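# here's my sequence, what's the structure:
(one chain, ligands or ions: 2)
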Amino acid sequence: MKKPYVISNVGMTLDGKLATVNNDSRISCEEDLIRVHKIRANVDGIMVGIGTVLKDDPRLTIHKIKSDKNPVRIVVDSKLRIPLNARVLNKDAKTIIATTEDTDEEKEKKINILKEMGVDVVKCGKGRVDLKKLMEILYNKGIKSILLEGGGTLNWGMFKEGLVDEVSVYIAPKIFGGKEAPTYVDGKGFKTADECVKLELKNFYRLGEGIVLEFKVKK
Ligand SMILES: NC(=O)C1=CN([C@@H]2O[C@H](COP(=O)(O)OP(=O)(O)OC[C@H]3O[C@@H](n4cnc5c(N)ncnc54)[C@H](O)[C@@H]3O)[C@@H](O)[C@H]2O)C=CC1
Ligand SMILES: Nc1nc(O)c(N)c(N[C@@H]2O[C@H](COP(=O)(O)O)[C@@H](O)[C@H]2O)n1
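Ligands and ions are numbered 1, 2, ... in the order given. Okay, here's the model as predicted:
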């Protein structure tokens, strides 16, 4: 199956959290945010789940370094919960919303509004977005590389389907704790170690106050 090359990147605390229980996600140092924007500048798309949009209202554009273009912003949003005033819907970059084929009058109305705003709405899957099918659709739209930023639920979906090729993670010297705090990979989780995603460590280095680890996903 032809699919984009997918790099998963997060800023994570030592205890694996992506934010506090109160959704404070100030984890990466400035040096790491610049590293992230250099990755953003080298991919065709940046992908997040709707949970991240609802909690962070991210820009998903390149603003920490100079860049003459922005990657396509991709939001995975089964129930089309995206607020129409979300920053990812502004004119700074192209945006694709991936939703499910399940629909009703209200959803169709919102899809029409989004299309009038210049947003590309893609329907694939029932109940949940079919991520494998979405990857094929994005590849056929010319998106050959994607930075998957999360959050933990979407990361689980992508890892579970074997759609991630590379992992880079900045680990901050912080501990957030919190059983309910979001982690790098949430979702159902693998039941046995045999099923888990296996990685090959390719590189690691100090950055700012933390450390960056880079892996290839073993296929
Ligand atoms: N520190 C970091 O690097 C980052 C932190 N975050 C944090 O992560 C949290 C958001 O993560 P989550 O709440 O887990 O939301 P999420 O951003 O992972 O979005 C999950 C949503 O995506 C949709 N979805 C549709 N099809 C799916 C599929 N097949 N598999 C999985 N999801 C699918 C569903 O509506 C699901 O609820 C926020 O606290 C945010 O600050 C998010 C990105 C990076
Ligand atoms: N790499 C990284 N480190 C952190 O500490 C973070 N909190 C995040 N969050 C991701 O960046 C998005 C917000 O930044 P922009 O407004 O898009 O520049 C946020 O939504 C997460 O995807 N990432």
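
# quick one: name the residues of the chain near ligand 2.
9-11, 25, 27-28, 36, 48, 52, 56, 58-60, 149-150 (CB under 6 Å from any ligand atom). To be clear about C-beta, it is placed using only N, CA and C from the backbone, and glycine gets the same treatment.

# which of those are buried?
Burial by neighbour count, judged by 16 or more other CB atoms under 10 Å, picks out 9-11, 25, 27-28, 36, 48, 52, 56, 58, 60, 149-150 from the residues of the chain next to ligand 2.

# among those residues, which lie within helices?
36, 52, 56 (DSSP state H).

# and which of these is nearest residue 201?
residue 36 (19.8 Å; CB to CB).

# OK, contacts around that closest one?
The neighbourhood of residue 36, defined by CB atoms under 8 Å, 6 or more residues apart in numbering, consists of 9, 11, 28, 64, 170.

# now residue 28
Residue 28 touches 11, 36, 170, 172, 210, counting by CB under 8 Å, 6+ apart.

# distance of it relative to residue 89?
25 Å (CB to CB, to the nearest Å).

# out of the ones in helices among the buried ones among the residues of the chain next to ligand 2, which comes closest to ligand 2?
Set against ligand 2, the nearest of these by CB to the nearest ligand atom is residue 56 (3.6 Å).

# so the closest one is in contact with residue 26, correct?
No. Counting by CB atoms under 8 Å, residue 56 does not reach residue 26; the two are 11.1 Å apart.

# right, and residue 146 touches residue 7 too?
Yes. Contact status for residue 146 versus residue 7: in contact at 7.2 Å, counting by CB under 8 Å.
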